[in-house]
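Asks: Let's see this in three dimensions:
(one chain, ligands or ions: 1)
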Amino acid sequence: MEQIKIKYLTDGIDHLCYVGGKSDWIDLHAAETITLKTGDFKLIPLGVAMEIPQGYEAHVAPRSSTFKNYGVLQVNSVGIVDCSYCGDNDQWFMPVYATRDTTITKNDRICQFRIMQNQPTLEFIQVEQLGGADRGGFGSTGR
Ligand SMILES: O=c1ccn([C@H]2C[C@H](O)[C@@H](COP(=O)(O)OP(=O)(O)OP(=O)(O)O)O2)c(=O)[nH]1
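Replies: Alright, predicted model coming up:
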């Protein structure tokens, strides 16, 4: 089992845990109560900093119910937390855009994350011709 050092940056949010029977994604909590007007952008503090193991990164995504419950969109679609983001003040955030007036209450489970192994180091070799057959370009397989 991998161990991750975690620092909670605020009182009053639940500690991270698996929700039994759900999945291996782990929910993250809003660290403060935030009221947004339609069209507002806000970095929602998630109240945690972590030391992700070397060779891994975390992917942060909305929960499926986040839009239904709060009307917010995660503007970067998926957040990437690098393992170099590991200091005491490297708090995790969820950047959101409000599509309606809304309130997110402190400790609400607003998004979720998992860690993923880093990809291998890639070397790009410039060529004039690639080896594969054309597939027809973007969106060519029909609806
Ligand atoms: O949704 C996110 C995305 C990123 N981060 C943190 C962790 C990540 O390691 C750091 C930087 O993210 P990224 O490299 O994607 O952003 P950038 O715009 O390139 O900023 P930087 O100049 O800090 O690298 O911000 C979050 O807390 N939430």
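Asks: In three-state terms, label the residue nearest the centre of the chain for me.
Replies: The residue lying closest to the centre of the chain (C-alpha atoms, centre = their mean) is residue 60, at 1.4 Å. When classified by DSSP: H, G, I helix; E, B strand; the rest coil, residue 60 comes out as strand.
Asks: Around the ligand, pick out the residues from the protein.
Replies: 60, 76, 79-82, 85, 92-95 (C-beta under 6 Å from any ligand atom). (Glycine included, C-beta is placed from N, CA and C.)
Asks: if we can go back for a sec, surely the residue nearest to the centre of the chain and residue 85 touch.
Replies: No: between residue 60 and residue 85 there is no contact under C-beta atoms under 8 Å: 11.4 Å.
Asks: If you drop the residues flanking it in sequence, what lies closest to residue 37?
Replies: Among residues not flanking residue 37 along the chain, residue 101 sits closest, at 5.5 Å (C-beta to C-beta, 6 or more residues apart in numbering).
Asks: What separation do you get for the one you found and the ligand?
Replies: As for residue 101, its distance to the ligand is 23 Å (criterion: C-beta to the nearest ligand atom, to the nearest Å).
Asks: count of neighbours near the residue in the chain positioned nearest to the ligand?
Replies: As assessed by C-beta to the nearest ligand atom, the ligand sits closest to residue 79 within the chain, at 2.1 Å. By other C-beta atoms under 10 Å, 20 other residues sit near residue 79.
Asks: Go ahead and confirm it touches residue 46.
Replies: No: using C-beta under 8 Å, residue 79 is not in contact with residue 46; the gap is 9.6 Å.
Asks: Name the residues contacting each of those two.
Replies: Contact criterion C-beta atoms under 8 Å, 6 or more residues apart in numbering; residues shared by residue 79 and residue 46: 92-94.
Asks: buried sites along the longest strand along the chain?
Replies: Secondary structure of the chain per DSSP state E: the longest strand is strand 109-117. Of all the residues in strand 109-117, those buried under the rule 16 or more other C-beta atoms under 10 Å are 109-113, 115.
Asks: Just put the residues you listed in CSV and tack on pLDDT.
Replies: Shown next, in CSV, are the buried residues of strand 109-117 (pLDDT from 0 to 100):
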residue, pLDDT
109, 97
110, 98
111, 98
112, 97
113, 98
115, 96
